[in-house]
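[1] Next one to model:
(chains A, B and C)
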Amino acid sequence: MTTPYTFAHLTALPIKEKCAELSRNGKVFHVIFAEQFDRDTLELLCSVATRLRKIAKSREGMDFLRGLLSHKSAMLYFTQPSTRTFLSFVRACQYLGMDYGEVRDPRISSAYKGESDIDGVRTFSNYFDIIIMRHPEAGFAERTAYTMNTTGMAIPVISAGAGPDEHPTQALLDAYTLKRSFENRKNGLAGLHVAFMGDVARGRTVRSLAKLLTLYPDVRMTFVAPEELRVRKDLGEWLDRKGVRWSETDDVKSVIADIDAIYVTRVQDEYDAGKSSKDIDYTPFHMTLELLSRMKPEAVVMHPLPRRAELDPAIDFDPRARYWDQERNGMWIRAALVAYVFNVESRILDFYAQHYSY
Amino acid sequence: MTTPYTFAHLTALPIKEKCAELSRNGKVFHVIFAEQFDRDTLELLCSVATRLRKIAKSREGMDFLRGLLSHKSAMLYFTQPSTRTFLSFVRACQYLGMDYGEVRDPRISSAYKGESDIDGVRTFSNYFDIIIMRHPEAGFAERTAYTMNTTGMAIPVISAGAGPDEHPTQALLDAYTLKRSFENRKNGLAGLHVAFMGDVARGRTVRSLAKLLTLYPDVRMTFVAPEELRVRKDLGEWLDRKGVRWSETDDVKSVIADIDAIYVTRVQDEYDAGKSSKDIDYTPFHMTLELLSRMKPEAVVMHPLPRRAELDPAIDFDPRARYWDQERNGMWIRAALVAYVFNVESRILDFYAQHYSY
Amino acid sequence: MTTPYTFAHLTALPIKEKCAELSRNGKVFHVIFAEQFDRDTLELLCSVATRLRKIAKSREGMDFLRGLLSHKSAMLYFTQPSTRTFLSFVRACQYLGMDYGEVRDPRISSAYKGESDIDGVRTFSNYFDIIIMRHPEAGFAERTAYTMNTTGMAIPVISAGAGPDEHPTQALLDAYTLKRSFENRKNGLAGLHVAFMGDVARGRTVRSLAKLLTLYPDVRMTFVAPEELRVRKDLGEWLDRKGVRWSETDDVKSVIADIDAIYVTRVQDEYDAGKSSKDIDYTPFHMTLELLSRMKPEAVVMHPLPRRAELDPAIDFDPRARYWDQERNGMWIRAALVAYVFNVESRILDFYAQHYSY
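    Residues are numbered from 1 along each chain as shown, chains lettered A, B, ... in the order given. Okay, here's the model as predicted:
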């Protein structure tokens, strides 16, 4: 008899082998790590997203999209509070015609009856065709994916954020936003200088995007953070291994005029342990109109949202602000990702080629 | 650069100019105040609602309705507890074939991360085509509507109740219920005598309906309330300006035989501040079988529900009881309103003319 | 005038007459008790469920199913925590193309405003075509069904679990699981020996399934439970009246080799009153690999889930484990039940006959 649910050996694997474990026939099946995406897949997803959003503008296009996955259903399992990620996945499912169910509040689920999380997700796999999940526990989406693989009735798992570590679909939407912002730039993302400002230690979006950007040659990264919230050792080592030129500073003014993009983040104080990050003076890492005025005219300001004081709302009305675009881009790249996981991305490309190319 | 989100000057406008601000091409775009509706628009909405409900009775009709807005999506943002208003908007969207997302519990949203409400609603506008919202804060729906207008990507906002002041769609359904109840009366609503009984100070449904009824000539209003919960000064002045004949009393027996409709409300003690309304003896303002027996045979009893002790369930089985009809009417008038906001109301009228008139 | 909402005389009726009260034209209309189902109806529902799940495998079949009840809507009113029952009903509605609304958290509903539960469900009946409900209060679904019958606008009510007593759709899925497990057995369920182990006193699934199994001749039942959680007197008397051979033991080893099915349950400590069931040594009533090894090769292990320690996850990978199948079966039998309540079950059988029989 198979020993059940044994994935301890998998969670201990090097990331490269983990990624292999999460793929099928060379294609990403479960989406857990930003590192799973190679450049071709990323470009494909961006291309599908851009076509999807154009197709969705017409009634005929909407009818086509709605038929793509109308026989499939998704479980949205969000036990960590979320609005935008949740709603953008809801919309992704709706655009593709999928049914979906949701659990957003663990207090109204069976967990209170003492059920294990793993039993909970096995249940979802009996009712639905994909699980999209956000969970406060680092590694839980990964364990879920491996569990699925041992049941003989595997359905894909997409992580919509897992603890402080990973948020692969945020990385996809951020990369997609950069690609759209620089689509007329000669080398695209190659050679871009990107600054990450704020809580670069614990911002999982920073970690995931930084990794994804290593797919493009010569991207430079500057991490602008208070002493206490600097780049964590594992990310630094990863970047070193990839040969990325990166540096740290606590003085944003020293780089603001040089960068092509600044990625601002809030203090992730929900992950505070022991010493509170509330004692840190965060104001030098606020994005202000004054800083904006020193940026290149074609540079962009990004933020994963929600924001607090670290990003002045007055910036919203500057054309370099890209964070509201990020939200919309997130909806479209997630729809593209779901289509890709279910192997219907080529039907979108074909439909586009037939109706919009001339 | 535009200064962002500046609507302080708008919230200070007289109501008439506010209403203009919330319209487009002479048509209501955002729905915030009962005062936005002129008589023609109100009559149109009632007419659409009545046709909608007939069309929905057949399979063919349902298929037609489902196709009307199947390319549109709604955000239902209900951070104040609600069952019937929420569910009736859900059904309105479903009848029109719309996708929708929902946030009903602020604790599971981004608000806990310190996000501003305005950022929250901007997010919704990136994912959805309309925002339908209920919020405990007076004026929040209004601010949301003005915010939308400043973003360059405005989507309509419908208030489903805002604090103690406004509940425009309840006023629509109440007026619609009166119209249906008196459709065979010679003058329709003109010259009707309507009593409002209970917490007329803080019942937002009372305020909104009273304003809407001023669109019909010679409507008389009697407010039956305890000393402490009388008509607020602003409503009284409004009615005076409109030339409405209105009066106040604490003795329902003095008017019960004369009125055409009695609109009963519960004590809105969720808005209690300082002195508790629980100390008030509310029993003289209860609608009882005994009072019912003194009413005209063609008069009607209304209540916005939910009820407590102020409305005897034994009345439910009297044909003059209209509060359960109000619920159904609410669903249909809200569907009509959503159709109207998206400019497809004429398609409903046309379909009806083709299939049901002869 | 009718005296409203008088069902005290109905709740006092013998069960047989209650069941008649809940039917229309000899057909189950409201689903409240396991006892409502006769053998023919149970066999019909199983047959519809089996055909439904096959039809749902094809795109064409899905399109057919989606059209069956696309003009109907369901209210899912789950004020007692539930994941699997809730989600399986959601999927049942989705497969049949129904719209649905949901209330899962009483804190965000009107109940906080002091509304009665009965008013709440009357409201649902104004918006939806069926109410599917789970409620912590024993008898509430029953009262709701009777209330519907007095309103003149009756819609069907399905109980998805009511307090400690009844869970009729769980009984259906359990019976369906047994039928599928023994479909190649000569006599089907007749003469089967079924053990119920655990909290047989308060496990409503035990009570409901035991009753349903009396529809098959010569089914033997053994209840394996600690002294404190033995079969309740009313169930024992019911089984006696039906002439069932049943017995009790606290020694599972004495019967494990003889039984055809073991139905394991967890301690229902949410119903603890006074003396806590947590003081009971429950380990002798745990289903272990060791016990499994003594079972017949064709016997089955069932559990209503969620589980805690009473069922070893290592058993999941044995072919005799049927609890994950129970979940899937639950989704299909609930879809079959909803179709049956709306009188479209014959269309499913016809479609199947046309497309899959040869």
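[2] What does the nearest residue to A:Lys242 once chain neighbours are set aside show for phi and psi?
    Distance criterion Cβ to Cβ, 6 or more residues apart in numbering or on different chains; nearest residue to A:Lys242, sequence neighbours excluded, is A:Thr214 at 4.4 Å. No exception for glycine: its C-beta is placed from N, CA and C like everyone else's. The phi/psi pair for A:Thr214 (degrees, to the nearest 10) reads phi -70, psi -10.
[3] ok, A:Thr214 touching A:Leu239?
    Yes - assessed by Cβ atoms under 8 Å, A:Thr214 is found in contact with A:Leu239 at 7.1 Å.
[4] circling back: from chain B, how far out is the residue nearest to A:Lys242?
    Noted for A:Thr214: a distance of 28 Å to chain B, by Cβ to the nearest Cβ, to the nearest Å.
[5] same question, A:Glu248
    As judged by Cβ to the nearest Cβ, A:Glu248 and chain B stand 26 Å apart.
[6] Tell me the backbone dihedrals of the residue in the stretch 251-358 of chain A that chain B sits nearest to, please.
    Going by Cβ to the nearest Cβ, chain B is nearest to A:Pro306 of the stretch 251-358 of chain A, at 3.5 Å. Dihedral pair for A:Pro306: phi -70, psi 150, per degrees, to the nearest 10.
[7] Neighbours of it, how many?
    20 (other Cβ atoms under 10 Å in any protein chain shown).
[8] pretty sure it contacts A:Arg266?
    Yes - using Cβ under 8 Å, A:Pro306 is in contact with A:Arg266, at 7.3 Å.
[9] after the least confident helix or strand in chain A by mean pLDDT, next one along is what?
    Lowest mean confidence among the helices and strands of chain A (mean pLDDT, DSSP states H and E): helix A:8-11, at a mean of 79. Note on helix A:8-11: by DSSP states H and E, the next helix or strand toward the C-terminus is helix A:15-21.
[10] can you list contacts of the least confident helix or strand of chain A?
    By Cβ atoms under 8 Å, 6 or more residues apart in numbering or on different chains, the residues outside helix A:8-11 that reach it are A:18, A:21, A:139, A:142-143, A:146.
[11] which of the residues in that helix are buried?
    Buried residues in helix A:8-11, counted by 16 or more other Cβ atoms under 10 Å in any protein chain shown: A:Leu10.
[12] Please compute how far it lies from its chain's middle.
    Centre-to-centre, helix A:8-11 and its host chain are 24 Å apart (Cα atoms, centre = their mean, to the nearest Å).
[13] Now do the contacts for the nearest residue to A:Thr249 once chain neighbours are set aside.
    Leaving aside its sequence neighbours, A:Thr249 sits nearest to A:Val224 (Cβ to Cβ, 6+ apart; 5.6 Å). Contact analysis of A:Val224 by Cβ under 8 Å, 6+ apart lists A:195-198, A:200, A:248-252, A:255, A:285.
[14] can you tell if the lengthiest helix in chain A touches chain B?
    Under DSSP state H, the helix in chain A containing the largest number of residues is helix A:323-341. Yes - judged by Cβ under 8 Å from any Cβ of the partner chain, helix A:323-341 and chain B are in contact via A:324, A:327-328, A:331.
[15] if we can go back for a sec, right, and the pair among the contacts of helix A:8-11 with maximum separation?
    A:Glu21 and A:Gly139 (13.9 Å; Cβ to Cβ).
[16] Between the two, tell me which one has more neighbours.
    Higher neighbour count among A:Glu21 and A:Gly139: A:Glu21, with 18 against 15, using other Cβ under 10 Å.
[17] A:Met197 contacts A:Val252, doesn't it?
    Yes - using Cβ under 8 Å, A:Met197 is in contact with A:Val252, at 6.0 Å.
[18] Local confidence estimate at the residue nearest to A:Lys242?
    In the prediction, the pLDDT value recorded for A:Thr214 is 96.
[19] quick one, what contacts it?
    A:Thr214 neighbours (Cβ under 8 Å, 6+ apart): A:239, A:242, A:244.
[20] What backbone torsions are found at A:Asp250?
    Per degrees, to the nearest 10, the backbone of A:Asp250 is at phi -110, psi 10.
[21] A:Val301 belongs to a strand, doesn't it?
    Yes - the assignment for A:Val301, made by DSSP: H, G, I helix; E, B strand; the rest coil, places it in a strand.
[22] Neighbours of it, how many?
    What A:Val301 shows, counting by other Cβ under 10 Å, is a neighbour count of 21.
[23] where's it relative to A:Met287, distance?
    6 Å (Cβ to Cβ, to the nearest Å).
[24] Strands of chain A, start to end?
    Assigned by DSSP state E, the strands in chain A fall at A:23-24, A:27-28, A:73-78, A:99-103, A:130-135, A:157-162, A:193-197, A:220-224, A:245-249, A:261-264, A:300-302.
[25] what sits against the nearest residue to A:Leu189 once chain neighbours are set aside?
    Using Cβ to Cβ, 6+ apart and skipping the chain neighbours, the partner closest in space to A:Leu189 is A:Tyr216 (4.2 Å). By Cβ under 8 Å, 6+ apart, A:Tyr216 lies in contact with A:39, A:188-190, A:192.
[26] From A:Thr41, how far out is A:Ser23?
    From A:Ser23 across to A:Thr41, the span is 10 Å (Cβ to Cβ).
[27] of those two, who's got more company?
    More crowded of A:Ser23 and A:Thr41, by other Cβ under 10 Å: A:Thr41, with 17 against 13.
[28] start to end distance for stretch A:20-33?
    Distance between the boundary residues of stretch A:20-33 (Cα to Cα, to the nearest Å) amounts to 11 Å.
[29] Run a quick neighbour tally on A:Gly26.
    Using other Cβ under 10 Å: A:Gly26 sits among 9 other residues.
[30] if I look at A:Asn187, how far off is chain B?
    Going from A:Asn187 to chain B by Cβ to the nearest Cβ gives 29 Å.
[31] Okay, now the unreliable bits of chain A?
    A:1-6, A:106-113, A:269-278, A:358 (pLDDT under 70).
[32] residue of it with the smallest distance to chain C?
    A:Glu115 (3.5 Å).
[33] Write out the residues of chain A neighbouring chain B.
    Selection of chain A residues close to chain B by Cβ under 8 Å from any Cβ yields A:59, A:62, A:66, A:78, A:81-84, A:87-88, A:90-91, A:94, A:104-105, A:266, A:270, A:305-308, A:313-314, A:316-318, A:324, A:327-328, A:331.
[34] From those, list just the buried residues.
    Burial by neighbour count, 16+ other Cβ under 10 Å: within the residues of chain A next to chain B this picks out A:62, A:66, A:78, A:81-84, A:87-88, A:90-91, A:94, A:104-105, A:266, A:305-307, A:314, A:316, A:318, A:324, A:327-328, A:331.
[35] Let's see which of those end up in helices.
    Using DSSP H, A:62, A:66, A:84, A:87-88, A:90-91, A:94, A:324, A:327-328, A:331 are the members of these that sit in helices.
[36] which pair in the residues you listed spans the largest distance?
    Longest span within these, Cβ to Cβ: A:Arg66 and A:Trp324, 25.9 Å.
[37] and A:Ala299, what is it in contact with?
    A:259-262, A:320.
[38] Of those residues, just say which sits nearest to A:Ala175.
    Looking across the contacts of A:Ala299 and measuring by Cβ to Cβ, the closest to A:Ala175 is A:Ala261, at 11.0 Å.
[39] Isn't the closest one up against A:Glu298?
    No - judged on Cβ under 8 Å, A:Ala261 makes no contact with A:Glu298 at a distance of 10.0 Å.
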